[in-house]
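>>> Following is a predicted model, sequence given first.
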Amino acid sequence: MKNLITLVLVVFLYANLFSQSIPPKREFRAAWIATVVNLDWPSSNVLTPAQQKQELIDLLDELKRDGINTIIFQIRTECDALYNSSIDPWSYWLTVSQGTPPSPYYDPLEFAIEEAHKRGMELHAWFNPYRAERSVGNYPKAANHVTVLHPEWVIQISTLKFLNPGLPMVRNYVTSVIYDVVNRYDIDGVHFDDYFYPYPPNHMTASSANNSLDDAAFASDPRGFSDKNDWRRDNVNILIKQINDTIQYVKPWVKFGMSPFGIWKNGVPLGITGLDAYSTIYCDAIAWLHNLSIDYLTPQLYWPFGGGQDYAKLQPWWADSVAANGRHFYPGHALYRVDPSNGNWAANEIPRQIRFDRANSKVQGGVFFRAKSFTANYKGVTDTLKNDLYRFISLNPGMNWKDIVPPNPVLNLRFERLANGQGGLKWDLPQTAPDGDSASRYVVYRFNYSNIQPNDLENPANIFNIEGQKQSIPGEPPSTSGPYYFVVTSLDRNNNESETGNVLTVNPPSIPVLAYPINDAVNIEDTITLKWDYPNIASSYRLQISIDSTFTSGIFLDQNNITDTFRVVTGLEGQSQYYWRVNSTNAGGTSDFSSNFNFTTGFPSTPELSYPVNNTGNIPVDTVLYWHSAPSAVSYDLMLARGADFAQNTIFTDTTGLIDTSFSVTGLNNNTFYFWKVKAINQYGTSNWSVIWRFKTINPTGVDEEVINPDINSLEQNYPNP
């Protein structure tokens with residue numbers, strides 16, 4: 001029996017160990033950030049620019065932590081702009097007034113690019129090419145909106161307005177929008193989703209009036225087609241090719257990706273049923289591939305395994321189709337459908353799809369709809385990605401039809417004090433490569449050994465970070481003992497990776513020397529700034545404060561990741577002795593703690609309340625509050641209120657400068673709870689507030705609610721539960 005238990009345990013541990021397969025070093029991991037109707041960002045169109053910026057920073061930080069390396073950022077929702085455009089008006093979803101810029105002014109696209117690149121992430125600008133009004137009359141249109149300037153370009157079905165794809169003027173207008181953004185902004189990609197001709201119920205055959213507009217465009221420019229459906233698909237194909245040609249002309253390194261509906265044709269592959277893109281919205285993704293008009297395809301495979309839209313059938317078919325034309329395939333995953341209120345998928349569905357993708361060499365990554373689903377962490381799927389499937393950082397795959405020339409290595413990798421005072425890695429820009437390209441991003445590798453081989457760079461576990469700037473702050477290493485060894489490589493616009501430059505050895509920093517207050521200092525005030533000298537070369541510090549010189553108990557503060565050489569401390573107990581010490585950390589490890597210093601506070605200790613005893617009832621409405629004298633106190637402040645939070649509208653009295661240890665109150669309400677507290681003051685500062693006590697005044701009716709009974713059970717808080 002014992003041997004059987006041992007065998008079962010070994011099998012379990014083995015299975016658990018290998019259930020976490022090593023993620024690939026290169027994998028496209030993207031998330032859509034939807035701005036229309038404030039789905040992902042900004043959360044509201046009435047936020048200030050500062051609030052909008054902070055929300056985007058927080059969202060990008062979350063996505064970076066979760067292993068995402070590419071942002072697909074929606075900047076055109078309804079022929080509008082979430083950037084400074086001379087063609088389209090500012091978006092209603094940004095400023096609650098179409099055509100009105102942010103105030104104070106900033107450019108959201110420019111800001112998003114800067115923040116994404118700062119984190120080593122790519123940013124692909126997401127456009128809706130044709131949709132002009134998703135709900136007619138929802139808000140006033142700006143004078144320069146295309147539906148106002150060119151109503152003849154617009155088809156309306158029910159409450160939806162969209163631009164007529166059959167008009168050459170529309171194609172030129174949409175292309176001019178893309179050209180403007182590619183030309184002026186440092187984006188990494190252009191991205192379209194599935195909004196071409198509209199979906200049911202607002203599809204093209206919904207009304208004869210719209211058929212006539214479509215007929216007129218067909219009659220004006222048939223281009224040899226006799227079948228209008230083929231002509232419609234060709235309208236979209238022409239636009240896609242026109243945009244791709246424009247991108248290649250302006251910035252050939254910018255990627256062009258499309259995200260069509262997940263079913264190309266009904267019945268393709270065999271066994272697949274449902275609404276399809278080919279016949280319903282007239283988009284033919286296979287034609288785009290045949291024409292080499294796109295760089296990557298992201299069909300929205302928003303279905304689970306099994307059923308009429310079986311992921312296990314759709315993914316291989318799309319993968320084969322894309323690979324046959326030499327392009328990249330990143331399936332779209334419906335992370336939002338794990339939400340119990342919106343699909344209620346099993347927690348293992350998305351992880352299962354990712355593992356299925358990785359088993360197919362024709363799949364180079366995936367895209368998730370949508371960003372806020374990561375922060376929601378439905379059924380812990382985000383945790384699974386962060387801690388397992390995406391636990392190592394990945395590089396985006398290169399596109400060999402664009403560029404295969406690697407950049408040159410970085411120069412002069414070193415460890416020094418950065419502008420913010422922290423120790424960090426710095427390096428110089430590499431020399432220009434033979435194709436004229438330089439570095440776009442950098443990969444920082446960390447090792448605990450110095451004999452680094454080329455194959456070691458293929459293990460993503462060794463990647464510390466991808467940086468968008470020529471510096472990195474590695475922070476606390478996996479182990480406190482060093483040294484650690486670093487190499488940095490360059491990535492160009494197409495994610496070609498350079499060779500390594502020099503190997504950098506980083507040793508742990510020296511032990512900090514405490515500076516202020518001096519050891520054995522007395523009469524320390526209630527707010528103190530602890531200071532220590534800067535050891536060469538530290539990145540952060542850990543500060544410990546305790547009433548115990550061995551720091552095994554009585555810890556008041558234990559804080560790490562302090563980046564300054566000081567810490568302002570409040571909340572200490574008066575008339576008490578404290579011990580403190582500091583250690584330092586950098587990319588090479590952690591130092592020993594400094595020698596202990598001690599100081600004694602000079603402000604009063606916390607007063608102890610005396611009467612009325614806590615939780616007492618039947619207290620007269622005119623009464624006297626008493627407390628014990630606090631050592632070294634010169635005066636006292638007292639607060640009495642009807643609420644334990646001492647909100648302004650509940651305060652009965654807020655009295656300062658009391659000399660005695662008692663205070664008379666009159667005119668209290670009958671049958672009412674009151675809460676009170678006291679603090680002590682002297683020339684060195686103010687004590688902490690006392691513990692809050694409560695009492696209840698007398699009830700003249702003689703009928704009292706049974707709410708105070710300290711003799712029954714223990715009272716864990718100083719006020720009643722609501």
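Sure thing, it's come through.
>>> What segments of the stretch 551-700 of the chain are strands?
555-562, 566-569, 577-586, 589-590, 597-601, 609-611, 616-619, 623-627, 635-641, 651-658, 662-665, 673-682, 685-686, 693-697 (DSSP state E, counting those that start in this stretch).
>>> Ok, which of those comes nearest residue 494?
Residue 494 lies closest to strand 577-586 among the strands of the stretch 551-700 of the chain, at 33.8 Å (C-beta to C-beta). Placement of C-beta: from N, CA and C, glycine included.
>>> quick one on the thing from earlier: now distance to residue 79 too, for the strands of the stretch 551-700 of the chain, in a markdown table please.
As requested, these are exported to a markdown table (distance: least, C-beta to C-beta, whole Å):
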| stretch | distance to residue 79 |
| --- | --- |
| strand 555-562 | 46 |
| strand 566-569 | 52 |
| strand 577-586 | 52 |
| strand 589-590 | 56 |
| strand 597-601 | 65 |
| strand 609-611 | 67 |
| strand 616-619 | 69 |
| strand 623-627 | 69 |
| strand 635-641 | 56 |
| strand 651-658 | 55 |
| strand 662-665 | 67 |
| strand 673-682 | 59 |
| strand 685-686 | 61 |
| strand 693-697 | 62 |
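>>> Which one of these lies nearest to residue 500?
Among these, the nearest to residue 500 by C-beta to C-beta is strand 577-586 (21.1 Å).
>>> helices and strands around the closest one, which ones?
Strand 577-586 sits against strand 514-516, strand 540-546, strand 597-601, with contacts defined as 3 or more C-beta pairs under 8 Å, 6 or more residues apart in numbering; DSSP states H and E.
>>> could the strands of the stretch 551-700 of the chain be laid out in CSV, adding mean neighbour count, mean pLDDT and distance to residue 144?
CSV is the format used below for the strands of the stretch 551-700 of the chain (neighbours: other C-beta atoms under 10 Å; pLDDT from 0 to 100; distance: least, C-beta to C-beta, whole Å):
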stretch, mean neighbour count, mean pLDDT, distance to residue 144
strand 555-562, 13, 97, 49
strand 566-569, 15, 98, 52
strand 577-586, 23, 97, 54
strand 589-590, 22, 94, 59
strand 597-601, 20, 99, 66
strand 609-611, 16, 98, 68
strand 616-619, 16, 97, 71
strand 623-627, 18, 99, 69
strand 635-641, 20, 99, 57
strand 651-658, 13, 98, 55
strand 662-665, 15, 98, 67
strand 673-682, 23, 99, 60
strand 685-686, 20, 98, 60
strand 693-697, 21, 98, 63
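>>> List just the one of the helices and strands packed on strand 577-586 that sits closest to residue 94.
Going through these one by one, with C-beta to C-beta as the measure, strand 540-546 comes closest at 37.1 Å.
>>> That closest one to strand 577-586, inter-axis angle?
Angle, strand 540-546 to strand 577-586, by axes from the mean of the first three to the mean of the last three C-alpha atoms, to 10 degrees: 160 degrees.
>>> Tell me the strands beside strand 540-546, with direction?
strand 555-562 (antiparallel), strand 577-586 (antiparallel) (DSSP bridges).
>>> The longest one vs strand 597-601, what angle?
Angle between the axes of strand 577-586 and strand 597-601 is 140 degrees (criterion: the same axes, to 10 degrees).
>>> Does residue 389 touch residue 353 like I think?
No - the criterion here is C-beta atoms under 8 Å, and residue 389 misses it with residue 353 at 10.3 Å.
>>> ok, now how distant is residue 147 from residue 140?
11 Å (C-beta to C-beta, to the nearest Å).
>>> And the longest helix belonging to the chain, how far out from the chain middle?
Among the segments of the chain that qualify as a helix by DSSP state H, the longest is helix 228-250. Taking C-alpha atoms, centre = their mean, to the nearest Å, one finds helix 228-250 lying 35 Å from the centre of the chain it belongs to.
>>> Residues contacting it, please?
Helix 228-250 has contacts (C-beta atoms under 8 Å, 6 or more residues apart in numbering) with 129, 165-166, 171, 174-175, 178-179, 182-183, 190, 192, 196-197, 204, 214-215, 218, 222-223, 225, 254, 256, 258, 278-279, 282-284, 287-288, 291, 293-294.
>>> Now with 7 Å, please.
129, 165-166, 171, 174-175, 178-179, 182-183, 190, 196-197, 218, 222-223, 225, 254, 256, 282-284, 287-288, 291, 293-294 (C-beta atoms under 7 Å, 6 or more residues apart in numbering).
>>> Return a ChimeraX selection command for the buried portion of these.
Buried members of the contacts of helix 228-250, defined by 16 or more other C-beta atoms under 10 Å, are picked up in ChimeraX with:
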select :129,165,166,171,174,175,178,179,182,190,196,197,218,254,256,282,283,284,287,288,293,294
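>>> Doesn't residue 253 lie inside a helix?
No - counting by DSSP: H, G, I helix; E, B strand; the rest coil, residue 253 is not found in a helix; it is coil.
>>> where does residue 341 fall, helix, sheet strand or coil?
Going by three-state DSSP: residue 341 is coil.
>>> Okay, it and residue 378: tell me how far apart.
10 Å.
>>> Of these two, which one has the most company?
Legend: neighbour count by other C-beta atoms under 10 Å for residue 341 and residue 378, higher for residue 378 (21 against 6).
>>> what's the neighbour count on the nearest residue to residue 557 once chain neighbours are set aside?
With sequence-adjacent residues excluded and distances taken as C-beta to C-beta, 6 or more residues apart in numbering, residue 557 is closest to residue 545, at 4.3 Å. Other residues lying near residue 545 total 21 when counted by other C-beta under 10 Å.
>>> contacting residues for residue 545?
Per C-beta under 7 Å, 6+ apart, neighbours of residue 545: 556-557, 569, 578, 580.
>>> Against residue 685, how distant is it?
From residue 545 over to residue 685 (counting by C-beta to C-beta), the distance is 17 Å.
>>> got it, and residue 135?
60 Å.
>>> residue ranges with poor pLDDT in the stretch 251-400 of the chain?
Along the stretch 251-400 of the chain, no part satisfies pLDDT under 70.
>>> What segments of it are strands?
So, for the stretch 251-400 of the chain - with DSSP E, counting those that start in this stretch - the strands run 255-258, 296-297, 328-329, 332-333, 365-368.
>>> can you pull out the strands in the stretch 51-200 of the chain?
Under DSSP E, counting those that start in this stretch, the stretch 51-200 of the chain gives strands at 70-76, 122-127, 131-133, 154-157, 160-163, 189-192.
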